[in-house]
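A.B. asks: Quick one, fold the following:
(one chain, ligands or ions: 2)
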Amino acid sequence: MIVECAADADPRSVQRLVDHLQSRGKPVHWVHGPQPVLICPDERDLDPRELQAWPGVRRVIPVRHAFQLAARDYRPEGTQIRVGEVRIGGGDPIFIAGPCAVESRSQLLETAHAVREAGAHLLRAGAFKPRTSPYSFQGLGFEGLELLAEARAETGLPVVTEVMAPEEAPLVAEVADVLQVGARNMQNFSLLKAVARQPKPVLLKRGMSATIEEWLLAAEYVMAYGNFNVILCERGIRTFERMTRNTLDINAVPVAKRLSHLPVLVDPSHGTGDAAYVIPVARAAIAAGADGLLVEVHIRPEEAWSDGSQSLTPEAFARMVREVRAVSRALRMIQ
Ligand code: PEP
Ligand code: MN
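C.D. replies: Ligands and ions are numbered 1, 2, ... in the order given. I've put the predicted structure just below:
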């Protein structure tokens, strides 16, 4: 159960309510978000009308899921997340594009200009890369962040980049407009708490073996520790199939949209692992209800230091944007 207090509620009366619930043996989690919110995961024997009558209480919302703040019950109208001028979850498909990794100044700037021309709303590239092998390129680190800041200054595109270590979250947040938590870190709870304690929105990728409930509980962590601006991203799960790198779980799109109010993006690049399949899967994602796409684009995919085989050329990305917009228009006509 969610007990939402008024933004100006007297902290002493919120504390009295916490004490009251605890005296009844109910665990309570006090969320210090945009307004004080109390989470009572065990709602048995709690009467919403009684709680509603407490001073400072604005709304009492029963929730039937383990995740509470991430549940659609909390915001049935859906959540829009603003990044600069861009609204993610506002109805128009959002395109987040860029190379897997920042490799060099010229590579990043050329790609940034190319994706902006093709219709990208946000630029994404990794400065810190989670690589399976310790011998693979690990990213340019802080130098990569500086190049991202330069690319934003040149193109005006807000930037998304991955953060891997909790202690680096404040520094990455100084540059990034959105912090990505990668699939491998979806259940790194220290990292989730760290990204909750900084002000930028968080793009949370689904773990490759995570259930949808675990993914939504990871989003819940970020919200429960104070950051309500979470964007979900389905990026494919591991199955027995070997013809593609992952199996994009298209089901996850309508399921997550139904269970949660948070915007849902799809990453068809990691979802397929092959540039040949990215465009059809991108079209399918939007048809299934995704709020946007996260796509890897490289000026010369064959020369990429990571994930070249799944990266689109700028020309292919421009085609993808046209085709996805056509799907989105068609959907509006039939809905
Ligand atoms: C990436 O976005 O480049 C990446 C490493 O993705 P994921 O965490 O989904 O594997
Ligand atoms: Mn990648």
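
A.B. asks: For the stretch 151-300 of the chain, what lies in contact range of ligand 1?
C.D. replies: G182, A183, R184, K205, R235, H270 (Cβ under 6 Å from any ligand atom). In this view, the C-beta of every residue, glycine as well, is placed from N, C-alpha and C.

A.B. asks: Out of those residues, the closest to ligand 2 would be?
C.D. replies: Distance to ligand 2 across these (Cβ to the ion) is lowest for H270, with 6.0 Å.

A.B. asks: Show me the contact partners of the helix or strand containing the closest one.
C.D. replies: Element membership for H270, per DSSP states H and E: helix 268-272. The contact list for helix 268-272 (Cβ atoms under 8 Å, 6 or more residues apart in numbering) reads 100, 183, 234-236, 244-248, 275, 277-279, 281-282, 285, 293-296, 307, 310-312.

A.B. asks: List the buried residues in that helix.
C.D. replies: P268, S269, H270, G271, T272 (16 or more other Cβ atoms under 10 Å).

A.B. asks: need the next SSE after it, C-terminal direction.
C.D. replies: In the C-terminal direction, the helix or strand that comes right after helix 268-272 (DSSP H and E) is helix 275-287.

A.B. asks: which of the residues in that following helix are buried?
C.D. replies: In helix 275-287, counting by 16+ other Cβ under 10 Å, buried: A275, Y277, V278, I279, V281, A282, R283, A284, A285, I286.

A.B. asks: Now do the same contact list for the last one.
C.D. replies: Read it as I286. Here I286 is in contact with P93, L293, V324, V327, S328, L331 (criterion: Cβ under 8 Å, 6+ apart).

A.B. asks: hmm, try it at 7 Å
C.D. replies: Applying Cβ atoms under 7 Å, 6 or more residues apart in numbering to I286 gives the contacts P93, V324, V327, S328.

A.B. asks: Nearest to ligand 1: which residue in the stretch 1-150 of the chain?
C.D. replies: C100 (4.6 Å; Cβ to the nearest ligand atom).

A.B. asks: separation between the nearest residue to that residue once chain neighbours are set aside and L191?
C.D. replies: Excluding the flanking residues, the one nearest C100 by Cβ to Cβ, 6 or more residues apart in numbering is D307, at 3.8 Å. To L191, D307 is 22 Å away according to Cβ to Cβ, to the nearest Å.

A.B. asks: E110 sits in which helix or strand?
C.D. replies: Assigned by DSSP H and E, E110 falls in helix 105-118.

A.B. asks: Buried ones in that helix, by neighbour count?
C.D. replies: Q107, L108, L109, E110, T111, A112, H113, A114, V115, R116, A118.

A.B. asks: Show me what that helix is packed against.
C.D. replies: When contacts are defined as 3 or more Cβ pairs under 7 Å, 6 or more residues apart in numbering; DSSP states H and E, helix 105-118 packs onto strand 94-98, helix 142-155, helix 314-334.

A.B. asks: Make CSV out of those and add mean pLDDT.
C.D. replies: Shown next, in CSV, are these (pLDDT from 0 to 100):
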stretch, mean pLDDT
strand 94-98, 98
helix 142-155, 98
helix 314-334, 98
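
A.B. asks: Can you name the residues that contact the residue in the stretch 101-250 of the chain that ligand 2 sits nearest to?
C.D. replies: Proximity to ligand 2, evaluated over the stretch 101-250 of the chain using Cβ to the ion, is greatest for G126 at 6.8 Å. Residues in contact with G126, defined by Cβ under 7 Å, 6+ apart, are C100, A101, V102, G139, T161, E162.

A.B. asks: Alright, I will stop here.
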